[in-house]
Structure formats: structure tokens, C-alpha cells
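Colleague: Kindly generate the corresponding structure for this input.
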Amino acid sequence: MTPTDLLKEIEQQDFEYFMAEMLNRVPDTLDKREGAIIYDAMAPVAYNMAEIVHQFHTLILNTYTQTAVGEFLDYRAAERGVKRKPATNSIVLAGFFDANGQDFNVDLGSRFASVGVNPIYYKVTEKIVDGKFRLKAEQPGHTANRYVGQILPISNINGFGYGEIKSVEIPARDDESDDDLRSRILQSNDFTEYGGNVSDYISMIRTMKDVGAVQVYPTWQGGGTVKLVIVDNDYKLPSSKLIANTQQIIDPQDSSGNGYGMAPIGHTVTVAAPSARTLDFDIEVELDDGISQSDVRQPVFEAVNRFIDDVKKTKWGTLKNERVYQVNIYVSQIVASILKVPGILNVPNLKINGNTKDVQLQFDNNVQELPVIGRVTVNG
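Modeller: Residues are numbered from 1 along each chain as shown. I've put the predicted structure just below:
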């Protein structure tokens, strides 16, 4: 009997199952109807037995990595030397001005809040130049990744006029999901991390809270050279700050190859960003009665965006075999995603960059591409 078979068998053992089993052992000469003394006496026992079986069912699920959840999965991960990745904090770039619109310097440690019903709180951590600072979101998670705009000081700052977040420099991530952690645990059975092999570099990057994924190119410029191509937690092009931080941790440039970072002695490591491969979409749709292009334009864009995001998350950093990365953008799969939008009956034509063919991204020692959505045009 497999665990799946056992679980199916246990799932049948509910309150009604135990009541039927017990009542079958009572002579038919006695009153066994609901409300009778015998039935009422047995009902609490049947309920407790069903509850115990339910707990046993949960115990079996949490015994195996493939089905464990939450803290039970954390324990399974620990057995493989793997930990759940915690949520991180967004790093943003902000500008500050006085009442006359001139650059204004705030004190490090000053706190600000975004505008809105549920404000995001930030703390000033670093001055870049006059009027330009780095801030760190106080609450972990992806919430702060999308906010760009005005911020207000928590307390009065003399001479302060206006503050604004210009961009998110290093996006944050949420706590690692059960599915993602499970995937990493199971993958850890497939390779051995040792002495600066590809698996070892992948493991190094996984310990870094601000890097979403990595591609490893060993011997890319000859023996001892390694190229690490990274993306941020949103699977977007990394900022120069993130690249510099990662380089410093793996193999500091001022002592490259000497083993002062995580890279082994003798390995010269280059951390780089992928090249953006902009994808423009021209989509022809057939609409249901009463549905207009304006009704579906945004939902179609969101469907395409979700598809590309999923490709980046599940495919971009995954080796097809020992030395090859391969990511294809399939027209048929995008069409399938768009057809899920309410009001769209058919997608008779879809072009990517003016072509109806699938797109294969380029990955070699010189070029490593990352898909980026450009223009999405819906006609119908």
C-alpha cells in the first residue's frame, strides 16, 4: 500500500463511517435510530474517533516532503540542510526638497511614511548625494515594491518641504512559499555542492536575500573564470547596487581570485545583469457580444504579464542540462492564457515583435537574455 492509498482509505473514515461500524455490531432487536439511547451513546465516540483519524491523516501528510506544509516542511528542510528564505525589506531611492524646491538633507534614521490608507514606513539608511538618499522599508515583504511617490515625515523636520520615492532599487520578497521550499528540498537530492562547482555557486546565491535567481557560466573566459548572471526578487534586471553587493560577497573585485569572498581561491567571478529582450505583442481577439476592446485591454495585458513572470520564475534560472539554459516563449501558451480572460472567444492571431513564431531567448557566454514586456496592443 502506498501513502496515497492509505490516505484515500483514511479519508473514508469519518463520523458516519464509525457510526455505521458500531451500529452494525448492535443487535437489530434494539432501537438503533438516531435519538435512541444506543445511538446517542455511540455518537460522541464516533465523533472522537473521526477526529483522531483526521489528525492521523494530517500526520501522514506532514511525514513526507512532497506533502508536508508549514513548520513540518521546515523540519523536513532542516534534515537536508535547507532553510526557508525569510521575507526581505525593499530598498528605495528618494529625493528630498525644502520649501523652495532645493535639495534638502535629512538625518540618517529619519522615518517617513507613504501616502494612503495603509501607509508603508521607511527609514533613511544612506546619503548618496545632497537631496538623494537610500531608504529601507520597515515591514518585510513585497508590499513596498510597487510604491513610488510622495512620502511624509513621521515627525516634524525643520525646513523640510517635500519628499518622494523615485524608484525601488532592490525589491523585497515575501517569506518563501511551501511549494518553492519543497522544490528546493527535492532539488537538493539531485546534486552535490562542492568546491565551486555549478551547484555550489547556485547554493551561494540562494543564501542571498535580494537575489531572485542566477545563471552560472563556468570557464566563460577560460579556466578559473566564472560568470554569475542575476535578477532581483521581482525577476527583473538588477540594480547596479545589487550587482555590486553580490560581487562583494562572492568575489570582491579588489582582491579577485584570492578567496576573500565565498568563491574558492583561484576563481575569478564576474557578477552581471542579463540583457533585456523586449517583447512587443500584437494580439487579435474575437469578443463576446457586449464586450469592447477597452473592456479586455487591461486584463489581456495582465494575462501576458503573468505568463512572462511565470516563465522567468520557473524557467530562467533552471539548467536544461549540465551546461545549457533554454527559455522559449511559446505563442500557443500565451494564447491559452489570454483565452481565460472573460469576454474573449478566440485569439486568431498573435505576433511577438511582428512575428507569429515562438521566441527563443539567447543564452551563451556573451549574451544572456531576460524577457521584458514592451508594447501590448489588442485589436478586435
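Colleague: quick check, Val106 in a helix?
Modeller: No. Using DSSP: H, G, I helix; E, B strand; the rest coil, the assignment for Val106 is coil, not a helix.
Colleague: can you give me the strands for the stretch 1-150 of the chain?
Modeller: Counting by DSSP state E, counting those that start in this stretch, the stretch 1-150 of the chain has strands at residues 91-98, 111-114, 121-129, 132-137, 149-153.
Colleague: Now tell me what touches the longest helix seen in the chain from outside.
Modeller: For the chain, the helix with the greatest residue count under DSSP state H is helix 37-61. If you take CB atoms under 8 Å, 6 or more residues apart in numbering as the criterion, helix 37-61 is touched by 3, 6-7, 10-11, 13-15, 17-19, 22-23, 26, 30-33, 67-69. For every residue, glycine as well, the C-beta is placed using N, CA and C.
Colleague: Could you look up the next helix or strand downstream of the helix or strand where Gln248 lies?
Modeller: Using DSSP states H and E, Gln248 sits in helix 240-250. Next helix or strand after helix 240-250 toward the C-terminus (DSSP H and E): strand 268-272.
Colleague: Break down the stretch 151-300 of the chain into its helices, ranges please.
Modeller: Here the stretch 151-300 of the chain has its helices, by DSSP state H, counting those that start in this stretch, at 178-187, 198-206, 240-250, 293-311.
Colleague: and the last one, how far from the chain's centre?
Modeller: So the one you mean is helix 293-311. With CA atoms, centre = their mean, to the nearest Å as the basis, helix 293-311 stands 18 Å off its chain's centre.
Colleague: who does that helix touch, helix- and strand-wise?
Modeller: Packing contacts for helix 293-311, counted by 3 or more CB pairs under 8 Å, 6 or more residues apart in numbering; DSSP states H and E, involve strand 275-287, helix 331-338, strand 369-379.
Colleague: so how far is the first residue of stretch 123-143 from its last?
Modeller: Using CA to CA, to the nearest Å, the end-to-end distance of stretch 123-143 comes to 15 Å.
Colleague: mean confidence score for it?
Modeller: Averaged across stretch 123-143, pLDDT comes to 96.
Colleague: Tell me which residues of it come out buried.
Modeller: 123-124, 131, 133-137, 140-143 (16 or more other CB atoms under 10 Å).
Colleague: same check, this time on stretch 291-305
Modeller: Residues of stretch 291-305 classed as buried by neighbour count (16+ other CB under 10 Å): 291, 295-297, 299-301, 303-304.
Colleague: do you know which of the helices and strands packed on helix 293-311 lies nearest Thr207?
Modeller: strand 369-379 (22.1 Å; CB to CB).
Colleague: So in that sheet, which strands flank the closest one, and in what orientation?
Modeller: strand 275-287 (parallel) (DSSP bridges).
Colleague: Would you mind writing the CA trace of the partner strand as CSV?
Modeller: Extracted in CSV, the C-alpha atoms of strand 275-287 (Å, rounded to 0.1, in the frame of the first residue of the first chain):
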residue,chain,number,x,y,z
SER,A,275,20.4,41.8,-21.4
ALA,A,276,16.7,42.9,-21.7
ARG,A,277,14.9,41.2,-24.6
THR,A,278,11.9,43.5,-25.2
LEU,A,279,8.8,41.7,-26.4
ASP,A,280,6.1,43.7,-28.2
PHE,A,281,2.8,41.9,-28.6
ASP,A,282,0.1,42.4,-31.3
ILE,A,283,-2.9,40.5,-30.3
GLU,A,284,-6.1,40.0,-32.4
VAL,A,285,-9.1,38.9,-30.4
GLU,A,286,-12.7,37.9,-31.1
LEU,A,287,-15.0,39.3,-28.4
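Colleague: That strand vs helix 331-338, what angle?
Modeller: 60 degrees (axes from the mean of the first three to the mean of the last three CA atoms, to 10 degrees).
Colleague: Packing partners of the lowest-mean-pLDDT helix or strand in the chain?
Modeller: Ranking every helix and strand in the chain by mean pLDDT, DSSP states H and E puts helix 3-11 at the bottom, with a mean of 80. Contact partners of helix 3-11 among helices and strands, from 3+ CB pairs under 8 Å, 6+ apart: helix 37-61.
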